Structure formats: structure tokens, C-alpha cells
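*Asks:* sharing a model prediction with you, sequence too.
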Number of protein chains: 2
Amino acid sequence: MKDPILDNIKTISIIGGTGKEGKGLAYRWAKAGYQIIIGSRSNEKAETAAAAVRELLDGVGVVVGKENAAAAQEGDIVVLTVPFAAHVSMLEYLKPYLQGKTLIDVTVPLVPPKVTRVQMPPAGSAGLEAQQVLGEGVAVVTAFQNISYENLLEGEDVDCDILVCGSSKEARETVLALVKEAGLIGWDAGPLENSVVVEGLTSILIGINKRYGVTSSGIRITGVPLK
Amino acid sequence: MKDPILDNIKTISIIGGTGKEGKGLAYRWAKAGYQIIIGSRSNEKAETAAAAVRELLDGVGVVVGKENAAAAQEGDIVVLTVPFAAHVSMLEYLKPYLQGKTLIDVTVPLVPPKVTRVQMPPAGSAGLEAQQVLGEGVAVVTAFQNISYENLLEGEDVDCDILVCGSSKEARETVLALVKEAGLIGWDAGPLENSVVVEGLTSILIGINKRYGVTSSGIRITGVPLK
């Protein structure tokens, strides 16, 4: 049964949804019955990405494309998945449209060429940077940084858990419910200060992918019986 | 078969080995045939802890207790597992005895009372702090921060992996071989800068223990076939 915490969430907007990670999330939530708006800098690119997700869905679900500002405005909850170089400028652009909402920030501060080395911005992490730019009127939650596109397109038994950080416990619980709706296992990983761990874990997993010759290493939390 | 990288390692000294984590590691390596020196501020406390580990071992293995300086001096490799408040002062004390060796730092920078919140020292992590204090003459590797004492005392199928960080690839490989000798699964998690992730993960796991009512949550790396 759907968690009542999600009663007011019908539309999920995914900013940067033209990238692989964004498309993968769009795919899973559209399949679960949410209306998805994919945001991009141009209507045309957004619509092309939306069409690609609709094709993956084989006719199920509602996925449309819009310019980023309209996407952010119309989403009941907004997901941000952009390359780190565009993180601050995109947040500044979106700031007026996000007030009063929850933002799920999927951004990882990868700094090429050394993407296997943890390198955090001065704020401490991408999540803390987002909160700094957006101010207290937006509940920033970080999640989905460790799961690969390939895993997102898989079925029910995805072998990667989702760690959810954020300063608001209610916002964390909303996102945890959306993780479940996406058919994934999520864990409350505590306050936004902890996001450095989850973001940095992505660099470690990229390093493991390279060293061990795989493409989709992930993590599982152990020692907790699943209900 | 034992990795030839371990040919020169017969004695493992565990500084702070009177704590639970240190005793757990002593137990596993003693069982694997290593001579263990448990270090403490006093010979007497060290010997009491060594006796406790010998009791767990039921007569198998060689475990003795010595004052910290002697322990550090006599170990072919040295493990540090002290409360964070004693980290820097202990490193300064041990510095002359560690030159030319590999130090496995298990320390997690937990800052009471908010131990579920990631809080790193100015150096960036306990591992980077250790390297800063010890200088380039010591190869600092961090490992074992996420595994509980309870898990260390279990048998073969411990449900928690070990992430190993360090600036020297050879030192990481030595420690990965020792992880295997301890009957655990280890992963090369890259340079010492990545240790912030593994140390901080401990705070997240303590939070998960509290929130989900368990005592030994841990992590597993997924998506990599084990050889």
C-alpha cells in the first residue's frame, strides 16, 4: 500500500532528466504511476528525452518534457541530476521555483579526471552546497547517487540500496517512500552532513568498477532484517 | 594459499587492543596463525586484554600484551584502534616506532554526543590526520571501521565487507591480504582521501542501528563476482 505521506505527490519533475540517471529514475517512477516531467534547457531536448523514456515504458505511464523552470514549477517534488559543473548555476536558476518544496539532489561532485578520488566542494558536499544556495525554504534531500543506470533499468531485485540524507526527517521519510515506490530498498542515513559519505561512495564504486572490471558495483546495508 | 606479499609479516601489533574492536581483530588474526601483541599504556592492562583474547581462542594462537611503544616497535605491521580523543597524541607518541612500517588505522572520528552525525577533523579524516602526524615515512592504510565486534567474533560468513584506503597501492594490497587472512572480504577503496567515506559510514551505520533497532548493521559491495 502506498504510504499516506505521498498523498500530495502526483508529479515528479526530473531536472537534468536527459542524462542516463535521470531517465532511469523517470522510467521507474512512471512505471509506478507517477506523472513525470523531464526538465532540460530546451523544450525540444526535454521532449526527445521524454520520448526515449516512453519507448522504454512500452506505452505505460505519462512522461512529458519541459524547460527546466516550468518543470521545477509544476513538480510536486523535484529531482536534480546534473553534472557537478552545472550544479550551483542550475540551483541558482531553479531557486524561486523550489521554495516550499522538497528537492532530491542526486548530484555527485565528481571532478575529472580523478573521478575515483573523493573531492568535495567547499560547502562539504553537493547536498550541503544545494542547501546553502537554496536557503531554508527548500528541504534538500540527497539520494540515488550510488545506483547505476543499468541497475535502474533492471526489474525488482536490484542489488543496490539507496541511502537517504537530509536535514528534515519528514522530507527524508517522503523520499524513502518514493524509493520504495521505485521498487528499491532505502535507508534513513541521517542529516545532510552525512551526504558526504554517500556522494563520496560513488567515487569508491567507480574505482571498484575499474579495478575489478565490472560496470555496476553497488552497496547493500546488512544486518537489518527487512520487513 | 597465503599471499606472498605477507611473507615478512609474522607479528601484528594492535595498539588500543584492550578495546572491543582491537580484541576482535586480535582474535581473528591469532586464529589465522599470526603472533599478536596487544598494546596498552600499561603492561598490566595489555596482559589482561591478551589473556581475555587467549580465552576466546581456547588455547590456539599466540597473544601477548606489551606497553604501546614496545608493541609498535616489535610489530611487523601495526594496527591503531583508539578512541578519537586519543588519536593525535597516540600517533605522536608512536611516530618514532612506526617509521618504515605500514599502519592500519581503524580510528573513526566520532564526536560525542552526536555520533550519528559525520564530523571530520580539520585534516579531512582520521586517516589523513594520521598521515599528517606520522609523515611520509609511514604508509597509512585505513580499514575495519565498519565492522562490529560482534561480527568480528563470528565465524566464516560475516555479513560485512572491509573497505581499504591508503596512498600506497602496495600497502593497500598488504592490508587486503590481511583482511583475507582474517576470513573477511575486502575491497580496494582507493587513495587515503577516500577514507572520509568509510569513516563517515560508521556514523551512518550507528544511526541505522538506532533507527532500525539492531546492533550490527554493516555493508556489502555488490555487483562484483567474487573469485
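*Replies:* It's in.
*Asks:* where in chain A is pLDDT low?
*Replies:* Residues of chain A that meet the criterion pLDDT under 70 lie in A:1, A:227.
*Asks:* near chain B, which residues of it show up?
*Replies:* Residues of chain A lying near chain B by Cβ under 8 Å from any Cβ of the partner chain: A:116-120, A:151, A:159-160, A:163, A:187-191, A:193-194, A:196-198, A:200-201, A:203-205, A:207-208, A:211-212, A:214-225. C-betas here are computed from N, CA, C, even on glycine.
*Asks:* so which of the residues you listed belong to helices?
*Replies:* A:151, A:196-198, A:200-201, A:203-205, A:207-208, A:211-212 (DSSP state H).
*Asks:* out of those residues, what pair is the most spread apart?
*Replies:* Greatest spatial distance among these (Cβ to Cβ): A:Val196 and A:Tyr212, at 24.1 Å.
*Asks:* now the strands for chain A?
*Replies:* Taking DSSP state E, the strands of chain A run over residues A:11-15, A:35-40, A:62-67, A:77-80, A:102-105, A:139-142, A:162-166, A:186-188, A:218-222.
*Asks:* returning to that earlier point: redo the ones in helices among the residues of chain A next to chain B as TSV? Include neighbour count and distance to A:Ile15.
*Replies:* What follows is these, written out as TSV (neighbours: other Cβ atoms under 10 Å in any protein chain shown; distance: Cβ to Cβ, whole Å):
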residue	neighbour count	distance to A:Ile15
A:Asn151	19	21
A:Val196	25	22
A:Val197	24	24
A:Val198	29	19
A:Gly200	27	23
A:Leu201	26	23
A:Ser203	25	23
A:Ile204	26	26
A:Leu205	27	23
A:Gly207	21	28
A:Ile208	23	29
A:Arg211	15	32
A:Tyr212	16	33
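*Asks:* same list, those residues, but as TSV with distance to B:Leu134 please.
*Replies:* Output for these, formatted as TSV (distance: Cβ to Cβ, whole Å):
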residue	distance to B:Leu134
A:Asn151	40
A:Val196	24
A:Val197	25
A:Val198	29
A:Gly200	23
A:Leu201	26
A:Ser203	24
A:Ile204	23
A:Leu205	29
A:Gly207	24
A:Ile208	27
A:Arg211	26
A:Tyr212	30
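*Asks:* let me know the closest of those residues to B:Glu170.
*Replies:* Nearest to B:Glu170 out of these is A:Arg211 (Cβ to Cβ; 14.5 Å).
*Asks:* surely the closest one and B:Glu173 touch.
*Replies:* No. At 11.1 Å, A:Arg211 does not count as touching B:Glu173 under the criterion of Cβ atoms under 8 Å.
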